[in-house]
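1. Sequence first, predicted coordinates after that:
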Amino acid sequence: MRSRTSARILTVVALALWAGASAHAQQANADQGPSAASIPAHPSFDGLNYLGGDAAMPSFSDSVIDDHSDFRRSLSQKGVALRTITQIQYVQNTLDAPVPADDQVYVGQRPFEGAMVQPILTADLRQLHLRQSQLYVGGVWNWVSWNPAGPKSFQLWDLYLYKAFGENRFAMKAGYVSNSLDFVGFFVGGSTATGAQGVYSILPYEVGISYFPLTTPSVNVQVRGPKDTYFKTAAQRSLDPKGGPTEVKRNHTGFRFVPHGDKLLSINEGGFLRPAQSGTRETWFRAGYMHNFTAYKNATTGRNDAGNYCAYILMDHQITQSNRLHPNQGLYLGASAETVPQSLNPYARYLEVRLYKEAPFRSRSGDVASLVTSRTGYSRYFTDNLLAEGKTVWRASTTLTGSYSLHVSPGNYLGLGLSYIHGPAISPRTPDALNISANWTVFF
């Protein structure tokens, strides 16, 4: 069994390195210092990438099909861009043999595989004589070997109009939006290509925020205030209180506007974001509150009650600045604290401390290394009910994760991680886990 597991892992890594090497041969040394490839070939390229979110997608120059290709140029002349993102991933606990399929309670307890394909179409609406505007359309095919960690889906991902005013002092989105990219700041390093490996907070998802691969109708507004302050808010239709798999069963295309029982989720966040500049280090502080008017099952009464919420506060600060020509490069320290009502949510508290380095080596400017520790407190009401049923439980989970995101070549990212997890599931009380993870992401 262990020999077959090792073979799987080596196969994933070998495929990723092979694909990266193939693309690297077409553009050697693209990530070593500033170059013509790092500058958009057409002014519309910046406006055709993902806009208005906390997380950034790689530029079109960082793509297997880059912004110098005839394909990209011909579309950009019409104010249109088409890109596809693909990913494969693998996770497995290395301390114990895999359990039977019916006994699995956490990712990695059995070998976990996932794959997704995400086509995206954007248009800057120049034909309508609109400035600082964008039509964003995305779909997704998402497959996982264990559905609770997915869910499996083939559906709409995003469909919205984005419009900014007054040199981006005011901006709004309206349509179907995946709000986990627009609020809280889930991604270590701030990029969808180099996000955290194996550690993330589930609390905002419990409370109903839309997240990949799911989407819901939403109207988002963001205002930039004086001295790097900002405020943003959203009125979003909640995801199903029972989670992603139930949401997909009830709304398998993603287009259903208001499934019965799913009500309003309001999201409000304020913060301070000072971007990195030469001689000035980045600082990002944000705090927010989500309130859901949808009814959730109350663990203390057994009734369905409205009033679920999530309060959160996060901060990231750049400790060192290793390259003045690229001021974002350096060492960062961050922390998170989140809370939700214990009576309505099985995962009740979340604390995290993270240390990460952008460009850990001068010759590897696109890489990110991270060390993250977290503690998730499980609801005492949910765990007490399980104990009353004669089940064993953990009261909390503590993790320590080291990860490295390797920018193999333009558009190719290989992420490798190792996570030690004390208390990997609420019930039953399973032994600690040491999960290895690998994912390969390609931007076309």
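-> That came in fine, so what should we check first?
2. Just say helix, strand or coil for Arg72.
-> Secondary structure, DSSP: H, G, I helix; E, B strand; the rest coil: Arg72 is helix.
3. In contact with it, which residues?
-> Each residue near Arg72 by Cβ atoms under 8 Å, 6 or more residues apart in numbering is listed here: Ala41, Phe45, Phe60, Ile65, Asp66, Ala81. (C-beta placed from N, C-alpha, C; glycine too.)
4. For the last one, give me the pLDDT.
-> Right, Ala81. Predicted confidence (pLDDT) for Ala81: 95.
5. quick one on the thing from earlier: of the contacts of Arg72, which belong to strands?
-> Residues of the contacts of Arg72 located in strands (DSSP state E): Ala81.
6. For the contacts of Arg72, give me CSV that also has neighbour count and distance to Leu135.
-> CSV is the format used below for those (neighbours: other Cβ atoms under 10 Å; distance: Cβ to Cβ, whole Å):
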residue, neighbour count, distance to Leu135
Ala41, 17, 22
Phe45, 19, 16
Phe60, 24, 17
Ile65, 18, 21
Asp66, 21, 23
Ala81, 21, 11
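7. Name the helix or strand for Phe382, please.
-> helix 380-388 (DSSP states H and E).
8. And the strand or helix carrying Ala369, what's buried?
-> Assigned by DSSP H and E, Ala369 falls within strand 368-378. Residues of strand 368-378 classed as buried: Val368, Ala369, Ser370, Val372, Ser374, Thr376, Gly377, Tyr378 (neighbour count, 16 or more other Cβ atoms under 10 Å).
9. Looking at those, which is nearest Ala276?
-> Val368 (14.3 Å; Cβ to Cβ).
10. Tell me how far the closest one lies from Gly402.
-> 12 Å (Cβ to Cβ, to the nearest Å).
11. so how far does stretch 182-191 reach from one end to the other?
-> Stretch 182-191 has an end-to-end distance of 12 Å (criterion: Cα to Cα, to the nearest Å).
12. before we move on, what about stretch 320-334?
-> 13 Å.
13. what's the answer for stretch 223-237, then?
-> Note: stretch 223-237 ends 21 Å apart using Cα to Cα.
14. I'd like the numbering to begin with 12 instead of 1 from here.
-> Right, with 12 as the first residue, what we last looked at is stretch 234-248.
15. So which bits of it are buried?
-> Buried-residue list, stretch 234-248, by 16+ other Cβ under 10 Å: Arg235, Lys243, Thr244, Ala245, Gln247, Arg248.
16. Just flag the most distant two among those residues.
-> Counting by Cβ to Cβ, the most remote pair of these is Arg235 and Arg248, 26.3 Å apart.
17. ok, back up a step: and the next helix or strand after the helix holding Phe393, what other elements does it pack with?
-> Downstream of helix 391-399, the next assigned helix or strand under DSSP H and E is strand 407-420. Counting contacts by 3 or more Cβ pairs under 8 Å, 6 or more residues apart in numbering; DSSP states H and E, strand 407-420 packs against helix 13-35, strand 379-389, strand 423-433.
18. quick one: low-confidence parts of the protein?
-> For the chain, the stretches with pLDDT under 70 are 12-55, 206-210.
19. which residues in it form helices?
-> Secondary structure of the chain by DSSP state H: the helices cover 13-35, 55-59, 81-87, 214-217, 255-261, 391-399.
20. Return the residues in contact with the closest residue to Gln138 other than its chain neighbours.
-> Counting by Cβ to Cβ, 6 or more residues apart in numbering, Gln138 lies nearest to Gly90, which is 6.7 Å off, once chain neighbours are set aside. Applying Cβ under 8 Å, 6+ apart, one finds that Gly90 lies in contact with Ser55, Leu59, Ala134, Asp135, Leu136, Arg137, Gln138.
21. list the contacts for the spatially closest residue to the second one that is not a sequence neighbour?
-> Using Cβ to Cβ, 6+ apart and skipping residues adjacent in sequence, the residue nearest Leu59 is Ala92, 3.8 Å away. Applying Cβ under 8 Å, 6+ apart, we find Ala92 in contact with Phe56, Leu59, Asn60, Phe71, Arg83, Leu86, Leu132, Thr133, Ala134.
22. Need those residues in CSV (columns: distance to Pro111).
-> Output for the contacts of Ala92, formatted as CSV (distance: Cβ to Cβ, whole Å):
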residue, distance to Pro111
Phe56, 50
Leu59, 48
Asn60, 45
Phe71, 46
Arg83, 49
Leu86, 50
Leu132, 43
Thr133, 45
Ala134, 49
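23. from the residues you listed, which is closest to Thr409?
-> Nearest to Thr409 out of the contacts of Ala92 is Asn60 (Cβ to Cβ; 37.3 Å).
24. Now the residue nearest to the closest one when sequence neighbours are not counted: phi and psi?
-> Nearest residue to Asn60 in three dimensions, chain neighbours excluded: Met68, at 5.9 Å (Cβ to Cβ, 6+ apart). Phi and psi for Met68, reported as degrees, to the nearest 10, are phi -90, psi 150.
25. Can you verify my assumption that Met68 contacts Leu62?
-> No: under the criterion of Cβ atoms under 8 Å, Met68 is not in contact with Leu62, lying 9.8 Å apart.
26. Mutual contacts of those two, please.
-> Applying Cβ under 8 Å, 6+ apart, one finds that no residue jointly contacts Met68 and Leu62.
27. List the ones among the buried residues of stretch 234-248 that fall in strands.
-> Arg235, Lys243, Thr244, Ala245, Gln247, Arg248.
28. got CSV for the contacts of Arg83, with distance to Trp152 too?
-> Shown next, in CSV, are the contacts of Arg83 (distance: Cβ to Cβ, whole Å):
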residue, distance to Trp152
Ala52, 30
Phe56, 26
Phe71, 22
Ile76, 20
Asp77, 24
Ala92, 20
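29. rewinding a little: show me what the strand holding Ala380 is packed up against.
-> strand 358-369, strand 407-420.
30. Give me the distance between the helix holding Phe393 and the centre of its chain.
-> 31 Å (Cα atoms, centre = their mean, to the nearest Å).
31. next one: stretch 158-167
-> Relative to its chain's centre, stretch 158-167 lies at 15 Å (Cα atoms, centre = their mean).
32. Equivalent analysis for stretch 72-82, please.
-> Counting by Cα atoms, centre = their mean, stretch 72-82 comes out at 24 Å from the chain centroid.
33. If we go by neighbour counts, what in it is buried?
-> Residues of stretch 72-82 classed as buried: Ser72, Asp73, Ser74, Val75, Ile76, Asp77, Asp78 (neighbour count, 16+ other Cβ under 10 Å).
34. rewinding a little: distance of the residue nearest to Asn60 relative to Leu355?
-> 34 Å.
35. Tell me which of these two has more neighbours.
-> Leu355 (26 against 19; other Cβ atoms under 10 Å).
36. In space, what's closest to that one - neighbours in sequence excluded?
-> When the adjacent residues along the chain are set aside, Leu355 lies closest to Tyr307, with 4.3 Å between them (Cβ to Cβ, 6+ apart).
37. Next: Ala160.
-> Ala160 sits nearest to Val118 (Cβ to Cβ, 6+ apart), 4.9 Å away.
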